[in-house]
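Novice: Below: sequence and its predicted model.
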Amino acid sequence: MVLSAYASVDAGSYKYHRVKVKEVSLPLMTVAGFFRCHVVAEKETLLDIARSYGLGFNEMALSYPNLDPWTLKKGTKLRIPVRWVLPPTQHEDVVINIPEMRLYRFFKKYGMVKTYPVGIGRKGFETPVVVAQVEALETHPVWTLPPSARETYGKMVIPPGPNNPLGDYWIGLSVKHIGIHGTIFPWGIGRLVSRGCIRLYPEHIPLLFKEVGSGTYVEIIYEPVKIGVENHTLYLEVHPDIYNRIPDMFCYTEDFLVQRGFREKVNMDKVFQCVKEKNGVPFPVGTIGEGGDSLALYN
């Protein structure tokens with residue numbers, strides 16, 4: 001598909017809040033979004049479908065690991081996982097969760113959140129875990145290549161234009177050589193492709209560019225396991241350990257639940273199923289606060 005086909009695509013915008021469970025010290029984030037249905041059209045690929053729903057390639061590939069992403073059968077019905085447990089956040093500004101390759105832009109004043117798929121650093125150039133702030137906002141940026149890229153491109157500087165891998169927007173962070181930017185390679189969203197920077201689809205980066213300002217906090221976290229609540233149901237969401245930092249995902253998840261006080265509130269068979277699949281989709285694993293006596297909005 002051509003780029004213009006995606007020009008009107010917006011990221012999802014959802015209401016959110018934190019929920020306090022009386023027996024648990026840390027508040028829970030809510031679950032945002034909903035599943036959608038898609039019927040495969042002639043010559044559509046999994047990448048086309050992912051992009052048209054504001055997803056990264058990884059999100060569709062994890063949901064359909066047995067499909068050939070490039071030769072889909074016309075008329076096939078697919079469930080689109082436009083649904084997420086919101087990540088933990090200190091500042092409720094911008095959160096990027098590395099394992100799920102997704103960025104969340106919180107608007108705390110309005111209780112709203114928008115979310116964008118991203119491409120991140122490949123192995124050897126891993127995107128760092130850090131709390132940073134926005135320092136620079138540039139349109140049509142010039143890319144001064146780091147030493148690691150100069151041999152590949154055969155130059156030190158790439159001017160603005162269609163051949164600039166940064167795309168048309170650069171959001172520089174208070175971390176050396178790390179920023180959020182567009183891309184001329186949209187197939188890289190939902191993949192490990194960069195030298196540490198965070199890439200957005202060309203149709204998404206101008207939206208985020210308008211939504212941040214100098215000083216906006218950007219939390220980059222590495223959390224393959226998230227837990228949230230919706231209508232008294234606990235949802236667990238597990239992603240692959242893409243940088244191979246967790247020796248045993250089952251033990252990690254159980255420790256995660258114990259530390260947060262949810263070990264006795266979940267069905268461990270369902271938890272193990274969720275960990276086994278690691279498909280990045282919220283999965284119901286337990287219930288809490290029936291009758292509303294142990295849940296409250298967290299301010």
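Specialist: In hand now; what should we look at?
Novice: Any stretches of the stretch 51-200 of the chain with poor pLDDT?
Specialist: Counting by pLDDT under 70, the stretch 51-200 of the chain shows low-confidence ranges at 151, 154.
Novice: For it, which segments are assigned as helices?
Specialist: 57-63, 147-153 (DSSP state H, counting those that start in this stretch).
Novice: Mind splitting this protein into its structural domains?
Specialist: Domains of the chain are assigned by automatic domain parsing as 35-81, 89-222, 225-298.
Novice: closest one to Val21 among these?
Specialist: domain 225-298 (5.8 Å; C-beta to C-beta). (Glycine included, C-beta is placed from N, CA and C.)
Novice: Let's test this: mean pLDDT of the closest one, rounded?
Specialist: In this model, domain 225-298 has a mean pLDDT of 90.
Novice: Let me know the distance separating the residue nearest the centre of the chain from Thr216.
Specialist: Residue closest to the mean C-alpha point of the chain, counted by C-alpha atoms, centre = their mean, is Arg102 at 1.2 Å. Plainly put, Arg102 is 17 Å away from Thr216 if you go by C-beta to C-beta, to the nearest Å.
Novice: what does Arg199 give?
Specialist: Going from Arg199 to Thr216 by C-beta to C-beta gives 18 Å.
Novice: Can you pick out the residue with more neighbours from the two?
Specialist: Arg199 (30 against 18; other C-beta atoms under 10 Å).
Novice: With adjacent residues omitted, what lies nearest to the more buried one?
Specialist: Of all residues not flanking Arg199 in the chain, Gly119 sits nearest, at 3.9 Å (C-beta to C-beta, 6 or more residues apart in numbering).
Novice: Verify the contact between that neighbour and Gly190 for me.
Specialist: Yes. Using C-beta atoms under 8 Å, Gly119 is in contact with Gly190, at 6.7 Å.
Novice: so what sits against both of these two?
Specialist: Jointly contacting Gly119 and Gly190 under the rule C-beta atoms under 8 Å, 6 or more residues apart in numbering are 56, 101.
Novice: what's the nearest residue to Gly280 if we skip its chain neighbours?
Specialist: His239 (4.7 Å).
Novice: wait, I meant Lys155
Specialist: Leu145 (6.8 Å).
Novice: For that neighbour, give me phi and psi.
Specialist: Here is the backbone geometry of Leu145 (degrees, to the nearest 10): phi -70, psi 140.
Novice: Next up, the contacts around it.
Specialist: Counted by C-beta under 8 Å, 6+ apart, Leu145 has contacts 153, 155-158.
Novice: how does it look with 10 Å?
Specialist: The contact partners of Leu145, by C-beta atoms under 10 Å, 6 or more residues apart in numbering, come to 151-158, 165, 195.
Novice: Any quick ChimeraX command for the buried ones out of those residues?
Specialist: The buried residues among the contacts of Leu145 can be selected in ChimeraX (16 or more other C-beta atoms under 10 Å) with this line:
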select :158,165,195
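Novice: Contact partners for the residue nearest to the centre of the chain?
Specialist: Contacts of Arg102 by C-beta under 10 Å, 6+ apart are 55-56, 58-59, 84, 87, 95-96, 115-118, 120, 190, 239, 280.
Novice: quick one: it from His177, how far?
Specialist: 22 Å.
Novice: same question, Pro27
Specialist: 34 Å.
Novice: go on, Val142?
Specialist: Val142 is 14 Å from His177, by C-beta to C-beta.
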